[in-house]
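Enquirer: The sequence and its predicted three-dimensional model are supplied below.
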Amino acid sequence: MTVLAGVVALFAILGMMQCVAGWFAVLRFTAPPSSRPSAYPPITILKPLYGAEPLLEQALASCFNQTYPDFQIVFGLHHSSDPALAVVERLRLRFPDTEIAIVVDPTLHGPNRKVSNLINMLPAARHELLVISDSDLHVQPDYLERLVAALEVPDTGLVTSAYVGLPPDELGWKVRLGATQISHNFLPGVLLSRALGRQDCLGSTAMIYRDTLARSGGLHGLAHLLAEDNVLGQQVVELGLSVGLADTIVAATVPEATLRAVWHHELRWARTIRASAPIGLAASTLQYPIFWAVAAWVLSGGEAWSVGLLAASWLVRAAAVIGIDGALRRKTGVRTRLSTVFLLPLRDLLSILEIGASYCIDDVVWRGHKIDATGIAVLPLAPQTISPGASASGS
């Protein structure tokens, strides 16, 4: 047990080192001044919608508030009864000078309903440069400029953006649990992985020319995939192009107000990552030093050194959270509550349990639907339409 406690303690130390490395990666990413594009090609933003999510109007309004000179927004829904439609209509009145199109089409092209929505929306896009942008994103006024600037880098075929979690205060502490996972674990992990050469397409944003999208296989080829964003990025790389990361950070609303909802959402993430990078997912457990420090305390029988290790791991995690938050606030305006540091032990435990569970299951819950997530594909489904009242998909 003493040897095992020592091994686990080493994991905790490595985890603290990774927390500090992630903190510095965020500092490095947020420090340089933003570059401006040399040209401003017209853009169509594709916004698939599903339901009246928390802060939806605020998120969509930030898209209308772009300083970019020429852009169109296409909203897609599966049914006219979707309450998100009323939100769009209100925004149309608030921003009469913004060109928008609304596509209501129940056709499914595969089990990935977000991709089906995008396929239905694409004919309404007037411009060749496309931005697939999730409905829950709160973006800065120069969001489109930052994406275009990144796309101008030679041999770049697709541009994505990093994001943080935005917890609606009225939904309680559980949304902060989900938000800190995105802001203080996922984001630093993304930046560290890019420093090591990975070029993942993050699902929140994808800027791509229509021709590049067609050459990569098009949207129809993604309709039967669960990890469609990851596969799209891989297909662009296979064309000999790179996946760029824009020097902007957006905020994604975290709507999961119950532990059950947090569990299902994050387990789907973990299961998706397991399909594409099983070893990397296992290695990511080192991001959670408090868990390993607690394990060392238990295995050592509560020896004094293990108590010190637990205190140190919590302090390092808390310092990284506060430091990352300070760096991100300049880019996003999102502020993390100080009480979040007291959730870190639960956050570490929940993350480890989700990663472990992802290796034991093949079914995940997505937008209220249980689906088979074997590999990166979901269960085959012939093209059909959604009956009135059935659940549809958005972002």
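Expert: Here it is on my side, so go on.
Enquirer: what's near enough to touch residue 281?
Expert: 270, 273-274, 355, 358 (Cβ atoms under 8 Å, 6 or more residues apart in numbering). Where you see a C-beta, it was placed from the backbone N, CA and C, and this is true even at glycine.
Enquirer: try 6 Å this time
Expert: When contacts are counted by Cβ atoms under 6 Å, 6 or more residues apart in numbering, residue 281 touches 273-274.
Enquirer: quick one: pLDDT of it?
Expert: Note on residue 281: pLDDT of 87.
Enquirer: Show me what counts as buried in whichever strand or helix holds it.
Expert: Secondary structure from DSSP states H and E places residue 281 in helix 278-283. The neighbour-count check on helix 278-283 (16 or more other Cβ atoms under 10 Å) flags residue 281 as buried.
Enquirer: how distant is the helix or strand following it from the center of its chain?
Expert: Sequence-wise, the next helix or strand downstream of helix 278-283 (DSSP H and E) is helix 289-299. Chain-centre distance of helix 289-299: 29 Å, with Cα atoms, centre = their mean, to the nearest Å.
Enquirer: Can you dump the C-alpha atoms of helix 289-299 in CSV for me?
Expert: Backbone C-alpha positions of helix 289-299 (Å, rounded to 0.1, in the frame of the first residue of the first chain) are rendered in CSV as follows:
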residue,chain,number,x,y,z
PRO,A,289,-4.5,16.3,-8.9
ILE,A,290,-7.0,16.6,-6.0
PHE,A,291,-8.4,13.2,-6.9
TRP,A,292,-4.9,11.6,-6.9
ALA,A,293,-4.0,13.4,-3.7
VAL,A,294,-7.1,12.0,-1.9
ALA,A,295,-6.3,8.6,-3.2
ALA,A,296,-2.7,8.9,-1.8
TRP,A,297,-4.2,10.0,1.5
VAL,A,298,-6.5,7.0,1.7
LEU,A,299,-3.8,4.5,0.6
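Enquirer: what about residue 70, how many neighbours?
Expert: 11 (other Cβ atoms under 10 Å).
Enquirer: Would you mind measuring from it to residue 348?
Expert: From residue 70 across to residue 348, the span is 46 Å (Cβ to Cβ, to the nearest Å).
Enquirer: try residue 114
Expert: As defined by Cβ to Cβ, residue 114 lies at a distance of 30 Å from residue 348.
Enquirer: Spatially nearest residue to residue 12, not counting backbone neighbours?
Expert: residue 292 (3.8 Å; Cβ to Cβ, 6 or more residues apart in numbering).
Enquirer: Over to residue 192?
Expert: Residue 192 sits nearest to residue 25 (Cβ to Cβ, 6+ apart), 5.2 Å away.
Enquirer: Could you tell me the per-residue confidence at the one you found?
Expert: Per-residue confidence at residue 25 stands at 96 (pLDDT).
Enquirer: mind checking the SS state of residue 44?
Expert: In three-state terms, and counting by DSSP: H, G, I helix; E, B strand; the rest coil, residue 44 is strand.
Enquirer: Same question for stretch 96-112: list its buried residues.
Expert: 100-103, 105-106, 108-112.
Enquirer: Tell me the one of these nearest residue 144?
Expert: Taking Cβ to Cβ as the measure, residue 144 lies nearest residue 100 of those, at 14.9 Å.
Enquirer: ok, that closest one - contacts?
Expert: Going by Cβ under 6 Å, 6+ apart, residue 100 touches residue 73.
Enquirer: Report how many residues lie close to residue 138.
Expert: By other Cβ under 10 Å, 22 other residues sit near residue 138.
Enquirer: no wait, residue 193
Expert: 16.
Enquirer: Give me the distance between it and residue 16.
Expert: Distance of residue 193 to residue 16, computed by Cβ to Cβ: 19 Å.
Enquirer: do residue 61 as well
Expert: 40 Å.
Enquirer: who's more crowded, the two?
Expert: Here residue 61 and residue 16 are compared on neighbour count by other Cβ under 10 Å; more neighbours surround residue 16, at 24 against 16.
Enquirer: now the angle between helix 289-299 and the strand or helix carrying the more buried one, please.
Expert: Element membership for residue 16, per DSSP H and E: helix 2-30. Calculated by axes from the mean of the first three to the mean of the last three Cα atoms, to 10 degrees, helix 2-30 forms an angle of 170 degrees with helix 289-299.
Enquirer: Any buried residues in helix 2-30, and which?
Expert: Neighbour-count burial for helix 2-30 flags 5, 8-9, 11-13, 15-16, 18-19, 22-26, 29-30 (criterion: 16+ other Cβ under 10 Å).
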